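# Would you be able to build a 3D model of this:
(one chain, ligands or ions: 1)
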Amino acid sequence: MLMLRFYNFKTLSSTNDKAKELAKKGQSNLVVIAEKQKKGRGRFGRNWSSEPGGLYMTILLKEKNIDNLMYLTFIAAVSVAKTIKKLSKLDAKVKWPNDVLINDKKVCGILTETICGNENYALVGIGANINQQKINKSISNKAISLKIITNKDYNIKTMLKSTIREFNNLYLHYKNKNYKKLINIWKKYSHTLGRNVKAKTLSGVYIGKAIDVDNNCNLILRLNNGKVKKIVEGDIFVV
Ligand code: BTN
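Purely as a prediction, here's the structure:
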């Protein structure tokens, strides 16, 4: 069982950056939480809109082995999906590699980063749209909040606690290297598998059916020409 300390802030530039600062001072096994972020970041250096009402947190862990960190992203996404299901009864699903969706729209993104050196650290940043009344116009066709869907407010602290509890349970499998179990759990919540998708990666665009996730958390596509393609990074669009 992970014993985590909680650091709460009203405003931060980014909870991931604050967690990095703490890691550089040798601290770990903690959670940084902010009510809003001025420079919330997403994958590929994208902006993450961080208005009050959302859940913005980073779990900082000291990890000997940093080869399998994609699992931490999977664990975080499933933890949020389970929490949303439990507290709102909505059908939350996980989208490869790092999103949680409801009704095909994004409610949560995960940004896992690392610090490597004498000691290695993993920073699992979680941003979830909970009580926001409105979603930025530029992303409102693909993102949504729990409040917009259900017209209810949620207790952010309860969401946070539940997410951490679920994370802790799944993290045990990670520590025990029970990766197969984690993949199977992820698959139960998967939005991606079985769908025809377009994968935009650094090496090109691939269109095919998402047929599996391998034991390194890579997405396996069956391309339209019948070949199998392993997707290691990138963005997935349902086609
Ligand atoms: C993505 O979908 O690209 C990932 C978004 C991750 C956003 C969270 S909010 C808390 C933490 N701090 C950040 O600056 N980013 C992550």
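# which residues touch whichever helix or strand residue 183 is part of?
Residue 183 belongs to helix 179-188 when elements are defined using DSSP states H and E. For helix 179-188, contacts defined as C-beta atoms under 8 Å, 6 or more residues apart in numbering pick out 68, 71, 74-75, 77-78, 94, 170, 173-174, 193, 213, 215, 217. Backbone N, C-alpha and C define where each C-beta goes, glycine included.
# which element follows that helix toward the C-terminus?
On the C-terminal side of helix 179-188, the closest following helix or strand by DSSP H and E is strand 196-201.
# Can you give the strand pairings for that following strand, parallel or anti for each?
strand 204-213 (antiparallel), strand 235-238 (antiparallel) (DSSP bridges).
# closest one to the ligand among those strands?
Closest to the ligand of the strands paired with strand 196-201 is strand 235-238 (C-beta to the nearest ligand atom; 9.3 Å).
# And that closest one, how far out from the chain middle?
In terms of C-alpha atoms, centre = their mean, to the nearest Å, the centre of strand 235-238 is found 16 Å from the chain centre.
# Quick check: the residue of the protein nearest the ligand.
residue 109 (2.2 Å).
# who touches that residue in this structure?
Each residue near residue 109 by C-beta under 8 Å, 6+ apart is listed here: 42, 43, 48, 98, 99, 100, 126, 127.
# Which positions in the protein make contact with the ligand?
For the chain, the contact set with the ligand under C-beta under 6 Å from any ligand atom comprises 14-16, 37, 40-43, 46, 48, 56-58, 98-99, 109-111, 125-127.
# Pull out the buried members of the contacts of residue 109.
Buried subset of the contacts of residue 109 (neighbour count, 16 or more other C-beta atoms under 10 Å): 43, 48, 98, 99, 100, 126, 127.
# Tell me which entries of these lie within strands.
Cross-referencing the buried ones among the contacts of residue 109 against strands under DSSP state E gives 99, 100, 126, 127.
# now, among the contacts of residue 109, which is nearest to residue 233?
The nearest member of the contacts of residue 109 to residue 233, counting by C-beta to C-beta, is residue 43 at 8.8 Å.
# Am I right that that closest one is in contact with residue 112?
No: assessed by C-beta atoms under 8 Å, residue 43 is found out of contact with residue 112, at 9.2 Å.
# about what we covered before: mean neighbour count added to the strands paired with strand 196-201, as TSV?
Converted to TSV, the strands paired with strand 196-201 look like this (neighbours: other C-beta atoms under 10 Å):
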stretch	mean neighbour count
strand 204-213	16
strand 235-238	16
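# now these as CSV including mean pLDDT?
As requested, the strands paired with strand 196-201 are exported to CSV (pLDDT from 0 to 100):
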stretch, mean pLDDT
strand 204-213, 98
strand 235-238, 96
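# any idea where the helices of this protein begin and end?
For the chain, helices defined by DSSP state H occupy the ranges 15-24, 70-88, 146-150, 156-175, 179-188.
# helices or strands next to the longest one in the packing?
Contacting helix 156-175 under the criterion 3 or more C-beta pairs under 8 Å, 6 or more residues apart in numbering; DSSP states H and E are the following elements: strand 30-37, strand 55-62, helix 70-88, helix 179-188.
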